[in-house]
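Colleague: A structural model of the following input is requested.
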Amino acid sequence: MTEVATADLIPFTQSQKDWNFDMKEVIRHVDPQGNGSPQEHKYFFELCKAQKLNPLIKEVYFIKYGSSPAAVVINVDTFVSRANEHPDYDGYTAGWIIGTEADPKMTEMPFGKLIGAWCKVGRKGKTHEITATVRFEAFDTGKSRWKIDPWGMIQKCAIAAAHRKAYPKAFTGLYEWSEMDQAKDGVAKNVTPPKPAPKPLDPPPAKAKTPKKKEPVVDAVADSVEGLEKIEKAIDDGAIAQFTWTVDQVGQDVSQLMNPEGNPDADAVFDAESYERIKQYKNDNFTAWKEQLSQEDFDQVVGLFKKLRAEFPEEIVNASQPS
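Modeller: I've put the predicted structure just below:
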């Protein structure tokens, strides 16, 4: 796989002279499963830079499910905290939509038949609030957190959507974890509410125009090659230093590898695919850990993998052993 990376793409707020990284290791950090293409990695770093988000401290995540386009994901708290940096931000209110399709009602109390959620973002000096409403059926998976806390999950979707509408420049291309759960299924639900039958004398409804398909943003970003020239020069000049492993880094990678969704709020999955990912990750990096970590830290990492191995079902471990 061709590597697309540049020191200028790292979204650090400090001077880049203080930050020297091997971009191959940085990409492995943000996409440990290697699902993304070079163009998607480049787009991710460009967007992080533009939005001043640092993936190395988990402010932002690179998520890709199967053949679906990659997404840039942040937590709902980041939407709110970043909006607070705008002088005209005046807070938000959020709630739910309950009842039926024919008689929906907005409420701030999580009781009743849930059909959606809403959020209103205030902006000082504006005569009206920015409002977003989302349908529960459009995002609900019935699994994981959606099964445990459907009210909280759909409200996060509404909060994210409203803040994107209120500050499009600040949040364009950024999504919340709860908005991404449908993407991993690969098929979007048809949640268009049924239209009432027209009255006999009513004229037939006008045929809706098919919206013009927009080209993916990734295609436009992929055309830029200026970054490639800079990273090649940085490598030649020795300006990019070797990434150094830490116990915390290993722990973060393992947590993400144990969750195929890449969602820190979801539970770890102890299946055969997770075991193979962990096994491959350990084999790829074991020598580097031994060389770069202190003996105490190396022993801690080895202990982590022993403990993790014991959590997998015995049949999965046995099936992975060479015959």
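Colleague: from now on I want contacts and neighbour counts done on CA atoms only, so please keep to that.
Modeller: Will do.
Colleague: quick check: which element contains the residue nearest the centre of the chain?
Modeller: Nearest residue to the geometric centre of the chain (Cα atoms, centre = their mean): residue 73, 2.7 Å. Assessed by DSSP states H and E, residue 73 sits inside strand 71-74.
Colleague: which residues sit against that strand?
Modeller: Applying Cα atoms under 8 Å, 6 or more residues apart in numbering, the external contacts of strand 71-74 come out as 44, 59, 60, 61, 62, 63, 64, 173, 174, 175, 176, 177.
Colleague: in helices, which of those fall?
Modeller: Secondary-structure check on the contacts of strand 71-74 using DSSP state H: residues within helices are 44, 177.
Colleague: want to throw the contacts of strand 71-74 into TSV with neighbour count?
Modeller: Shown next, in TSV, are those (neighbours: other Cα atoms under 10 Å):
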residue	neighbour count
44	27
59	14
60	21
61	26
62	23
63	23
64	23
173	15
174	21
175	22
176	25
177	22
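Colleague: can you redo the contacts of strand 71-74 as JSON lines with pLDDT?
Modeller: Supplementary listing: those in JSON lines, determined by pLDDT from 0 to 100:
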{"residue": "44", "pLDDT": "85"}
{"residue": "59", "pLDDT": "79"}
{"residue": "60", "pLDDT": "83"}
{"residue": "61", "pLDDT": "84"}
{"residue": "62", "pLDDT": "87"}
{"residue": "63", "pLDDT": "81"}
{"residue": "64", "pLDDT": "81"}
{"residue": "173", "pLDDT": "81"}
{"residue": "174", "pLDDT": "86"}
{"residue": "175", "pLDDT": "87"}
{"residue": "176", "pLDDT": "88"}
{"residue": "177", "pLDDT": "81"}
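Colleague: now for the contacts of strand 71-74: which two are most distant?
Modeller: Taking Cα to Cα as the measure, those reach their widest spread between 59 and 64, a distance of 16.9 Å.
Colleague: which stretches of the stretch 201-323 of the chain have low pLDDT?
Modeller: Within the stretch 201-323 of the chain, the stretches with pLDDT under 70 are 201-244, 260-267, 323.
Colleague: who does the longest helix belonging to the chain touch, helix- and strand-wise?
Modeller: Across the chain, the longest stretch assigned as helix under DSSP H is helix 272-292. For helix 272-292, the elements it packs on are helix 247-257, helix 314-320, judged by 3 or more Cα pairs under 8 Å, 6 or more residues apart in numbering; DSSP states H and E.
Colleague: and the contacts of that helix?
Modeller: Under the contact criterion Cα under 8 Å, 6+ apart, helix 272-292 has outside partners 33, 244-245, 254, 257-260, 298, 312, 316-317, 320.
Colleague: hey, where'd the helices end up in this structure?
Modeller: 23-30, 38-51, 76-83, 136-139, 144-148, 150-166, 168-171, 177-180, 217-222, 226-237, 247-257, 272-292, 295-311, 314-320.
Colleague: alright, calling it a day.
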